[in-house]
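Asker: model the structure of this input:
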Amino acid sequence: MSFALPESLRDYIDARVRSGEFGNTSEYLRDLIRRDQQHQAARRLRELVTDGFESGPAQPLTKRRVAQLREQALNPDS
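Answerer: So this is what the prediction gives:
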């Protein structure tokens with residue numbers, strides 16, 4: 001993968017590597033990507049929790065309800 005960065009960003013990355021926290025530029029970029037993945041996963045979890053709260057009153061988790069949820073998950077278009 002190859003991409004161009006403005007000089008100011010290259011200087012910033014080089015300074016982060018020189019600080020000793022990262023061994024090289026690739027380590028720094030991998031860390032940024034992992035943090036972004038974690039951020040996106042946490043954001044998605046918050047959305048799902050919000051959806052759950054907004055979906056209405058809780059229903060007992062019976063065997064029948066589990067079967068309904070499984071069916072919905074496996075066949076979302078039906």
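
Asker: need the outlier residue of this protein, farthest from its centre.
Answerer: residue 64 (31.9 Å; C-alpha atoms, centre = their mean).

Asker: tell me which element that one is part of?
Answerer: Take DSSP states H and E as the rule and residue 64 turns out to sit in helix 63-74.

Asker: what packs against that helix?
Answerer: Helix 63-74 sits against no helix or strand, with contacts defined as 3 or more C-beta pairs under 8 Å, 6 or more residues apart in numbering; DSSP states H and E. Backbone N, C-alpha and C define where each C-beta goes, glycine included.

Asker: for that helix, give the mean pLDDT please.
Answerer: When pLDDT is averaged along helix 63-74, the result is 92.

Asker: using CSV, write down the CA coordinates of it.
Answerer: Presented in CSV, the C-alpha positions along helix 63-74 are these (Å, rounded to 0.1, in the frame of the first residue of the first chain):
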residue,chain,number,x,y,z
LYS,A,63,-37.8,-20.8,23.5
ARG,A,64,-40.3,-19.5,21.1
ARG,A,65,-38.8,-16.0,21.2
VAL,A,66,-35.3,-17.4,20.7
ALA,A,67,-36.6,-19.3,17.6
GLN,A,68,-38.2,-16.1,16.2
LEU,A,69,-35.0,-14.1,16.7
ARG,A,70,-32.9,-16.9,15.1
GLU,A,71,-35.3,-16.9,12.1
GLN,A,72,-35.1,-13.1,11.8
ALA,A,73,-31.3,-13.3,12.0
LEU,A,74,-31.0,-16.0,9.4
